[in-house]
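Engineer: predicted model, plus sequence, below.
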Amino acid sequence: MKDIADLRKSYERAELEEALAADDPLPQFETWLQEAIDAGVPEPNAMTLATVGADGRPSTRIVLIKGVDARGLVWYTNYDSRKGQELAAHPVAALQFHWVAMERVVRVEGTVEKVSDEESDAYFQSRPLDSRLGAWASPQSQVIASRAVLVANAAKAAARHGLHPPRPPHWGGYRLKPERWEFWQGRVSRLHDRLRYRLVDGRWLRERLAP
């Protein structure tokens with residue numbers, strides 16, 4: 001294996017000057033997300049979700065953003081999962097998008113709340129049938145004996161609900177309401193561009209951070 005200490009990359013694709021950045025973070029994020037989609041970045045909607053448990057220990061996992069607007073960023077999951085339990089204990093979180101090919105990172109921090117039942121129902125019904133049955137089949141984050149448990153649970157869910165499984169009561173959406181955003185653009189010589197937006201008295205304050 002190559003010595004990982006010797007791995008190097010020069011970031012030279014783009015820049016992020018104040019004159020090029022939006023005054024508010026949401027249009028800036030939407031622009032970057034669309035550019036990642038247009039560039040064919042794999043899983044451009046994948047984001048790292050960081051939460052903190054009742055024991056004060058942080059944990060991370062990858063989830064998929066399924067909605068964004070002025071209210072915040074939305075993803076869906078099992079409420080009984082580890083992340084669900086941690087959000088119940090501490091309803092705050094951090095998100096991070098890393099678009100490697102674009103040499104860009106977006107970080108978001110804020111409070112978290114569940115989306116409405118109507119929103120969760122609408123999204124659940126838009127999912128493929130296998131995914132809807134999977135939500136019934138998986139006791140997410142719990143120890144199971146083998147994969148056969150999942151297969152058996154999925155078969156039971158299919159037999160019970162057929163082609164129209166309802167949304168499980170333990171499954172739904174969360175919305176992170178941003179209080180801070182940071183946009184990172186890789187630059188040459190490690191002199192990266194970092195613009196942070198902080199919510200102050202209901203307005204966004206934009207600041208440049210040292211890399």
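Structural biologist: Perfect, thanks for sending it. In this text, all values refer to a predicted model and were calculated from it rather than measured experimentally.
Engineer: show me what the top strand by length along the chain is packed against.
Structural biologist: When the chain is parsed with DSSP state E, its longest strand is strand 171-185. Applying 3 or more CB pairs under 8 Å, 6 or more residues apart in numbering; DSSP states H and E, one finds that strand 171-185 contacts helix 25-38, strand 72-78, strand 104-114, helix 117-126, strand 193-200. (Glycine included, C-beta is placed from N, CA and C.)
Engineer: reformat the ones you listed as TSV; add mean neighbour count, distance to residue 145 and mean pLDDT.
Structural biologist: Compiled in TSV, those are given as follows (neighbours: other CB atoms under 10 Å; distance: least, CB to CB, whole Å; pLDDT from 0 to 100):
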stretch	mean neighbour count	distance to residue 145	mean pLDDT
helix 25-38	16	40	98
strand 72-78	21	19	98
strand 104-114	19	31	98
helix 117-126	14	28	98
strand 193-200	18	47	97
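Engineer: how far away is the residue most central in space within the chain from residue 73?
Structural biologist: Closest to where the C-alpha atoms of the chain average out (CA atoms, centre = their mean) is residue 47, at 3.7 Å. Here residue 47 is placed at a distance of 8 Å from residue 73 (CB to CB, to the nearest Å).
Engineer: any shared contact partners between the two?
Structural biologist: Contact criterion CB atoms under 8 Å, 6 or more residues apart in numbering; residues shared by residue 47 and residue 73: 65, 95.
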